[in-house]
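> Compute the structure for the input listed below.
(one chain, ligands or ions: 2)
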Amino acid sequence: MADALKIGVAGLGTVGASLVRIIQSRANELAVTCGRPIKIVAVTARDRTKDRGIDLTDIEWFGGPVDLAQKADIDVFVELIGGSEGAANAAVRAALARGLHVVTANKALLAYHGVELAEIAEEKGALLNFEAAVAGGIPVIKALRESLTGNTISRVYGIMNGTCNYILTRMEKEGLSFADCLKEAQRLGYAEADPAFDIEGNDTAHKLAILTTLAFGNRIAADDIYLEGITNISIEDIRAAADLGYRIKLLGVAQRTETGIEQRVHPTMVPLDSVIAQVDGVTNAVAIESDILGELLMVGPGAGGNATASSVLGDIADIAKSQPGAQRVPVLGHPAKALEPYHKAQMQSHEGGYFIRLTVLDRTGVFASVATRMAENNISLESIVQRSTQHLSPSHHQTIILVTHATMEDSVRKAVAAIKTEGYLVGDPQVIRIERPKE
Ligand SMILES: NC(=O)C1=CN([C@@H]2O[C@H](COP(=O)(O)OP(=O)(O)OC[C@H]3O[C@@H](n4cnc5c(N)ncnc54)[C@H](O)[C@@H]3O)[C@@H](O)[C@H]2O)C=CC1
Ligand SMILES: N[C@@H](CC=O)C(=O)O
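Ligands and ions are numbered 1, 2, ... in the order given. Next up is the predicted model:
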């Protein structure tokens with residue numbers, strides 16, 4: 001049997017500890033599958049004394065990630081620390097500079113430095129694998145980077161954050177509060193070290209930026225994504241959506257348009273009878289629409305130690321099986337130096353359906369005024385209903401809920417701005433975009 005593939009792991013948290021446990025418990029099977037043993041020989045984390053339920057005897061402990069990346073006698077550096085800057089960034093650069101292969105689950109790092117890191121890896125002939133960085137255990141990177149070669153992709157979208165989907169699902173199904181659901185997602189190891197990245201939509205944006213590049217061949221443009229998280233979504237919205245035949249999901253969507261590439265992350269109403277509406281809890285789903293294959297929908301565990309470690313392990317196994325000096329698949333699907341500049345489609349030009357919920361004073365003429373402001377902006381309505389909300393508040397308020405046919409974002413913004421000036425609005429209007437699967 002060939003020599004062992006020597007692995008150094010930086011970060012022994014939810015994902016790192018699961019990875020070590022799996023590699024140690026399946027050593028024999030992995031050696032047979034990969035044609036050589038896979039051996040963890042070096043590790044580092046913040047706290048050396050913490051009990052992680054893993055056996056670190058005979059594994060060299062390093063004082064920090066950069067130290068490990070620079071000095072350990074390893075073939076592969078596995079980065080499971082997190083964060084786009086700081087130790088993770090410095091250590092991955094140090095490993096690539098030595099020509100080591102790198103495996104990472106760090107979407108923030110790739111979203112902001114992926115092109116540069118891919119250039120270094122390609123210059124050095126090293127592999128930089130990151131299957132776990134998007135949608136946890138779902139092999140979406142391999143699908144886009146390798147399996148769909150030759151297809152022209154028109155849209156990639158999906159549920160890419162397990163924490164948010166877990167929160168929305170439990171709020172809807174069990175009536176739990178947002179805060180309680182988030183705490184539970186943290187306890188289960190789904191959330192980021194700073195959960196604001198999950199609930200404000202940044203984590204989905206990081207993942208979407210990576211998928212956009214793989215799908216469309218542009219340089220990664222993580223800062224050019226329209227971004228709204230789920231912190232504004234109330235149980236009232238979730239119930240109103242259900243009454244209208246929709247469910248609310250945090251979606252990331254990237255699509256080609258006539259004016260450029262549209263990238264957006266926001267709470268979205270999807271039809272209750274669509275597959276994506278049935279994707280519950282920590283499960284993720286990524287849909288890819290392309291010309292040869294048609295629509296591919298991949299559904300699976302999106303976060304958590306084992307799901308994520310499964311993808312990290314797959315990346316390590318690919319390295320174990322790769323032949324030295326063999327032609328490499330470009331890190332981002334296209335050689336990093338050949339990636340095209342990103343041409344952004346403006347969000348104002350987005351076209352789709354909209355749900356608009358307005359709390360208004362109970363006055364004569366309000367309903368007619370709302371309908372008029374819509375008509376003035378050429379917005380065609382699928383439905384408009386008015387409900388009394390006096391049971392929710394002692395004051396004389398009404399709720400008006402509108403669902404539009406496909407319309408321009410710009411028109412909706414103008415109509416809502418006009419309504420805001422009328423003096424009958426109570427609080428801020430709630431606007432949620434509607435996404436329908438391809439007919
Ligand atoms: N938890 C999940 O479900 C998923 C996580 N990821 C990504 O995987 C990576 C790791 O995530 P988790 O395991 O959840 O994080 P975690 O917070 O549970 O673990 C992070 C580990 O890195 C170590 N660490 C942090 N800063 C360090 C430093 N400066 N020097 C040495 N060690 C340091 C910590 O001691 C800890 O062992 C992140 O990039 C995350 O975004 C990706 C997919 C899913
Ligand atoms: N915090 C992330 C972890 C996986 O990427 C999530 O909840 O999806």
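> Next, the residue of the chain most remote from its centre: phi, psi?
Within the chain, the residue lying farthest from the chain centre (C-alpha atoms, centre = their mean) is Thr364, at 45.0 Å. The phi/psi pair for Thr364 (degrees, to the nearest 10) reads phi -60, psi 140.
> Which pLDDT value belongs to it?
pLDDT recorded at Thr364 is 93.
> same question, Ser388
Predicted confidence (pLDDT) for Ser388: 72.
> Bridge partners for it, pull those for me.
Gln398 (DSSP bridges).
> Next one: it from Lys183, what distance?
The gap separating Ser388 from Lys183 is 34 Å, by C-beta to C-beta, to the nearest Å. (Each C-beta comes from the backbone N, C-alpha and C, glycine too.)
> More neighbours: these two, which one.
Ranked by neighbour count (other C-beta atoms under 10 Å), Ser388 and Lys183 place Lys183 first, with 14 against 11.
> chain center to the helix or strand where that one lies: distance?
Taking DSSP states H and E as the criterion, Lys183 maps to helix 178-187. Computed by C-alpha atoms, centre = their mean, to the nearest Å, the chain-centroid distance of helix 178-187 equals 18 Å.
> contact partners of that helix?
162-163, 166-167, 170-171, 191, 195, 198-199, 231, 233, 282 (C-beta atoms under 8 Å, 6 or more residues apart in numbering).
> Between those, which sits nearest Ser349?
Ile233 (24.9 Å; C-beta to C-beta).
> From Ala97, how far off is that closest one?
44 Å.
> The two: which is more packed in?
More crowded of Ile233 and Ala97, by other C-beta under 10 Å: Ile233, with 22 against 13.
> tell me the SS of the more buried one?
Secondary structure state of Ile233, per DSSP: H, G, I helix; E, B strand; the rest coil, is coil.
> so what's it up against?
Ile233 neighbours (C-beta under 8 Å, 6+ apart): Leu168, Met171, Phe178, Ile248, Pro267, Ile432.
> Now, the residues you listed that are in strands?
Among the contacts of Ile233, the ones falling in strands (DSSP state E) are Ile248, Pro267, Ile432.
> Which pLDDT value does the model give the second one?
Think Pro267. 98.
> and what of the first one?
As predicted, Ile248 sits at a pLDDT of 98.
> Now for it, how many residues are close by?
Neighbours of Ile248 (other C-beta under 10 Å): 22.
> ok, now the second one?
The burial count assigned to Pro267 is 25, neighbours taken as other C-beta under 10 Å.
> That one pairs with what?
Here Pro267, judged by DSSP bridges, has bridge partners Leu250.
> Was I right to think it contacts Ser234?
No. The pair Pro267 / Ser234 is not scored as a contact, 10.8 Å apart, by C-beta atoms under 8 Å.
> Contact partners for whichever residue of the stretch 151-300 of the chain sits closest to ligand 1?
Using C-beta to the nearest ligand atom, the point where the stretch 151-300 of the chain gets nearest to ligand 1 is Ala193, with a distance of 4.6 Å. Ala193 is in contact with Gly82, Gly83, counting by C-beta under 8 Å, 6+ apart.
> shaky segments in the stretch 301-439 of the chain?
389-395, 437-439 (pLDDT under 70).
> Let's see that with 90 instead.
323-328, 387-396, 436-439 (pLDDT under 90).
> just the helices in it please.
Under the criterion DSSP state H, counting those that start in this stretch, the stretch 301-439 of the chain contains helices at 305-321, 366-376, 409-420.
> so which of the ones you listed is the most packed in?
Between the helices of the stretch 301-439 of the chain, helix 305-321 has the highest mean count of neighbours, a mean of 22, where neighbours are mean count of other C-beta atoms under 10 Å.
> just to revisit the earlier point, also within reach of ligand 2: list those from the contacts of helix 178-187.
Gly162, Thr163, Ala191, Asp198 (C-beta under 6 Å from any ligand atom).
> Which secondary structure state does the third one sit in?
Using three-state DSSP as the criterion, the local structure at Ala191 reads coil.
> What does the pLDDT read for it?
98.
> For it, the count of nearby residues, please.
What Ala191 shows, counting by other C-beta under 10 Å, is a neighbour count of 26.
> residues contacting it?
So Ala191 contacts Thr163, Leu182, Ala185, Asp198 (C-beta under 8 Å, 6+ apart).
> how close does it get to Asp203?
Ala191 is 9 Å from Asp203, by C-beta to C-beta.
> Find the residues that touch each one of these two.
Thr163.
> so Ala205 sits right up against Glu228, yeah?
No. Proximity of Ala205 to Glu228 does not meet the contact threshold set by C-beta under 8 Å, at 10.2 Å.
> More neighbours: the two, which one.
Each of Ala205 and Glu228 has its neighbours counted (other C-beta under 10 Å); Ala205 has more, 27 against 18.
> any idea how far that one lies from His266?
Counting by C-beta to C-beta, the gap from Ala205 to His266 is 10 Å.
> between those two, what contacts are shared?
Joint contacts of Ala205 and His266 (C-beta under 8 Å, 6+ apart) are Leu227.
> Closest residue of the protein to ligand 1?
For the chain, C-beta to the nearest ligand atom, closest residue to ligand 1: Gly13, 1.8 Å.
> about what we covered before: please, a ChimeraX command that selects the buried ones among the contacts of Ala191?
Of the contacts of Ala191, the buried ones go into a single ChimeraX selection, burial set by 16 or more other C-beta atoms under 10 Å:
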select :163,182,185,198
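> The stretch 1-150 of the chain: strands as residue ranges?
5-10, 38-44, 60-61, 76-79, 101-104, 128-129 (DSSP state E, counting those that start in this stretch).
> In the stretch 51-200 of the chain, mark out all the helices, start to finish.
Assigned by DSSP H, counting those that start in this stretch, the helices in the stretch 51-200 of the chain fall at 65-71, 86-97, 107-124, 140-142, 162-174, 178-187, 196-199.
> Export these to JSON lines and append columns for mean pLDDT and distance to Leu5.
Putting those into JSON lines (pLDDT from 0 to 100; distance: least, C-beta to C-beta, whole Å) gives the following:
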{"stretch": "helix 65-71", "mean pLDDT": "98", "distance to Leu5": "16"}
{"stretch": "helix 86-97", "mean pLDDT": "98", "distance to Leu5": "15"}
{"stretch": "helix 107-124", "mean pLDDT": "98", "distance to Leu5": "17"}
{"stretch": "helix 140-142", "mean pLDDT": "98", "distance to Leu5": "19"}
{"stretch": "helix 162-174", "mean pLDDT": "97", "distance to Leu5": "29"}
{"stretch": "helix 178-187", "mean pLDDT": "97", "distance to Leu5": "34"}
{"stretch": "helix 196-199", "mean pLDDT": "98", "distance to Leu5": "32"}
